[in-house]
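Student: this one's structure only:
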């Protein structure tokens, strides 16, 4: 296993000269940096009993940003040289030409001393791509496919994907400060389609994180994932049409936190609140959720998919309490929005790659434990829905309205879980749902490591989580009218 550090990438690039050039480029600016990135990715796709697609890619480059007030200029290049820094500097100064300050001093307004000093590392600095050969990874997928198909003759299709990534990032400031991070990432996903009596249904399961490849992608762990995907598909064969109307809903722990991520988390990002386009804007210190509801974004969890030692501006990652006992206590901030709102950055300035500007983004977002059990919640519902897993969803930040489709859900009848449901969607407003929570479970868990968040065309890995929750009233989209 190869461990990497700052000296392993861009060896011939003179950081001191780059920093000095940056100081000239950012004269009169409020902020800015050079962001270096080297990223290696690998993916394998198994379908129809063969490895159908495989890819390996290396990308590297830098982005140079200049910030003045609430405007940012940006230039990037895959050619990491001092000459390209000069060219990028001319571009950003042409985009934001009025970068002179009242004192005339170079960089007089520039943010100082903001980089994390020797931050804790929440994962290893190794590449999962180098931990096993391509043939070994292919053999594992083929073996899992064969074993899974042998479990049930109703299986018609098996699709598996394995993705590995190693990202190195480095942030250079005009005063010579440098921060860096080495980020491993791995994920495997399994999808199974079954058929019985002319009916086709599917199930899926995935997992991963920022640790050694074989901590995740070992045979026993993958075998369990295959069994879970098959179990979900078989359950769905017996599903009945979902009800429509307003009903109590019980959410299961773990991955159901993706609803919290979409319906609440995005609305707590600093840019939306500074611009007052979020339903949570101007509500700091106010009750925005039921008592007992505490929401946290934490990028410091060991080995988790959404964890980062530093963000993509060099700020140390942190544990940020956003809602405490129902009271709004904080927003997620990058440097620019924090400065404009008069608060400190929270370590949430993230970007997809060197070609993108940073913005406030979530890391691992979850709700803390309460005191109730899942059995108590189910028993308290006469007629309702128990949602275990979600598929796709979307949210409107301004209104907080969301729509989520359930991939695994069940009827609750007379306090008991009964028939699985097909076609159930959950519809509501994030802030309304937060105030409809009447029971918070004691079984908080994080998702299995599969989350990817999209915002303004950029995707970053994230984590979600929650305990079981009872929501007293939520609109259900289905084909059967609720009695």
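Tutor: Happy to help now that I have it. Worth saying up front: this structure is predicted, and the values here are computed from it rather than measured.
Student: shaky segments in the stretch 201-350 of the chain?
Tutor: For the stretch 201-350 of the chain, the stretches flagged by pLDDT under 70 are 216.
Student: how about a cut-off of 90?
Tutor: Counting by pLDDT under 90, the ranges of the stretch 201-350 of the chain that qualify are 211-221, 262-263.
Student: Spell out the residue ranges of the helices in it.
Tutor: With DSSP state H, counting those that start in this stretch as the criterion, the stretch 201-350 of the chain has helices at 213-216, 219-237, 257-260, 270-274, 335-341.
Student: Quick check: buried residues in the second one?
Tutor: Within helix 219-237, the residues that count as buried by 16 or more other Cβ atoms under 10 Å are 221-222, 225-230, 232-237. The C-beta positions use only the backbone N, C-alpha and C, and glycine is treated the same way.
Student: Now render the helices of the stretch 201-350 of the chain as JSON lines, adding distance to residue 465.
Tutor: Output for those, formatted as JSON lines (distance: least, Cβ to Cβ, whole Å):
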{"stretch": "helix 213-216", "distance to residue 465": "17"}
{"stretch": "helix 219-237", "distance to residue 465": "18"}
{"stretch": "helix 257-260", "distance to residue 465": "4"}
{"stretch": "helix 270-274", "distance to residue 465": "22"}
{"stretch": "helix 335-341", "distance to residue 465": "25"}
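Student: so which of those gets nearest residue 193?
Tutor: In terms of Cβ to Cβ, the element of the helices of the stretch 201-350 of the chain nearest to residue 193 is helix 219-237, at 6.7 Å.
Student: Quick one: list the elements packing against that closest one.
Tutor: Applying 3 or more Cβ pairs under 8 Å, 6 or more residues apart in numbering; DSSP states H and E, we find helix 219-237 packed against helix 134-149, strand 178-196, strand 199-209, strand 401-413, strand 416-422.
Student: what angle do that helix and strand 178-196 make?
Tutor: If you take axes from the mean of the first three to the mean of the last three Cα atoms, to 10 degrees, helix 219-237 sits at 50 degrees to strand 178-196.
Student: Now do the same contact list for residue 252.
Tutor: By Cβ atoms under 8 Å, 6 or more residues apart in numbering, the contact list for residue 252 reads 374, 386, 387, 388, 389, 468.
Student: And for residue 405, the neighbour number?
Tutor: Here the count is done by other Cβ atoms under 10 Å, and residue 405 has 15 residues near it.
Student: My read is that it contacts residue 424, right?
Tutor: Yes - counting by Cβ atoms under 8 Å, residue 405 touches residue 424, with 7.5 Å between them.
Student: In stretch 420-438, which residues are buried?
Tutor: 420-426, 428-438.
Student: do stretch 317-324 as well
Tutor: With burial defined by 16+ other Cβ under 10 Å, the residues of stretch 317-324 counted as buried are 317, 318, 320, 322, 323.
Student: tell me the phi and psi of the first one?
Tutor: Backbone torsions of residue 317, given as degrees, to the nearest 10, read phi -60, psi 160.
Student: what's near enough to touch it?
Tutor: With contact taken as Cβ under 8 Å, 6+ apart, residue 317 is in contact with 119, 122, 299, 300, 307, 308, 309, 310, 311, 347, 363.
Student: try it again with 7 Å
Tutor: Residue 317 is in contact with 299, 300, 307, 308, 309, 310, 311, 347, 363, counting by Cβ atoms under 7 Å, 6 or more residues apart in numbering.
Student: what's the closest of those to residue 145?
Tutor: Closest to residue 145, out of all of the contacts of residue 317 and judged by Cβ to Cβ, is residue 307, at 31.0 Å.
Student: shouldn't that closest one be in contact with residue 124?
Tutor: No - contact criterion Cβ atoms under 7 Å: residue 307 and residue 124 do not qualify, at 11.9 Å.
Student: quick one: which of these two has more around it?
Tutor: residue 307 (23 against 18).
Student: Contact partners for the nearest residue to the more buried one once chain neighbours are set aside?
Tutor: Residue nearest to residue 307 in three dimensions, not counting chain neighbours: residue 122, with 4.6 Å by Cβ to Cβ, 6 or more residues apart in numbering. Residues near residue 122 by Cβ under 7 Å, 6+ apart: 300, 301, 302, 303, 307, 309.
Student: Just give the closest residue to the fourth one, not the sequence neighbours.
Tutor: When the adjacent residues along the chain are set aside, residue 303 lies closest to residue 211, with 4.3 Å between them (Cβ to Cβ, 6+ apart).
Student: now residue 345
Tutor: That would be residue 338: by Cβ to Cβ, 6+ apart, it lies 4.3 Å from residue 345.
Student: What about that neighbour, how many residues nearby?
Tutor: Neighbours of residue 338 under the rule other Cβ under 10 Å: 22.
Student: Where do the helices of the stretch 351-483 of the chain begin and end?
Tutor: Under the criterion DSSP H, counting those that start in this stretch, helices of the stretch 351-483 of the chain are mapped to 374-379, 430-434.
Student: In a markdown table: these, plus mean pLDDT.
Tutor: Listed next are those as a markdown table, based on pLDDT from 0 to 100:
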| stretch | mean pLDDT |
| --- | --- |
| helix 374-379 | 98 |
| helix 430-434 | 92 |
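Student: For stretch 399-411, which outside residues touch it?
Tutor: With Cβ under 7 Å, 6+ apart as the test, stretch 399-411 has contacts from 232, 235, 242, 259, 262-263, 267, 279, 385-395, 417-421, 424-431.
Student: thinking again about what came up before, what about the residue nearest to residue 303, neighbour count?
Tutor: Residue 211 has 20 neighbours, counted by other Cβ under 10 Å.
Student: show me where pLDDT drops low in the stretch 51-200 of the chain?
Tutor: Residues of the stretch 51-200 of the chain that meet the cut-off, pLDDT under 90, sit at 95-119, 125-126, 130-132, 175-176.
Student: Helices of that one, residue ranges please.
Tutor: Using DSSP H, counting those that start in this stretch, the helices found in the stretch 51-200 of the chain span residues 82-95, 134-149.
Student: Can you list the buried residues in the shortest one?
Tutor: Within helix 82-95, the residues that count as buried by 16+ other Cβ under 10 Å are 84, 85, 88, 89, 91, 92, 93.
Student: got it, and stretch 445-455?
Tutor: For stretch 445-455, the neighbour count (16+ other Cβ under 10 Å) marks 445, 446, 447, 448, 449, 450, 451, 453, 455 as buried.
Student: and if you look at stretch 27-41?
Tutor: For stretch 27-41, the neighbour count (16+ other Cβ under 10 Å) marks 27-41 as buried.
Student: Give me the distance from that stretch to the chain's centre.
Tutor: In terms of Cα atoms, centre = their mean, to the nearest Å, the gap separating the centre of stretch 27-41 from the centre of its chain is 21 Å.
Student: do stretch 417-431 as well
Tutor: Chain-centre distance of stretch 417-431: 23 Å, with Cα atoms, centre = their mean.
Student: 251 is where my numbering starts, stick with that
Tutor: Fine by me, first position is 251 from now on; the one you just mentioned is stretch 667-681.
Student: Out of the helices of the stretch 451-600 of the chain, which gets nearest to residue 456?
Tutor: helix 469-487 (7.0 Å).
Student: That closest one relative to helix 384-399, how many degrees between them?
Tutor: In terms of direction (the same axes, to 10 degrees), helix 469-487 departs from helix 384-399 by 40 degrees.
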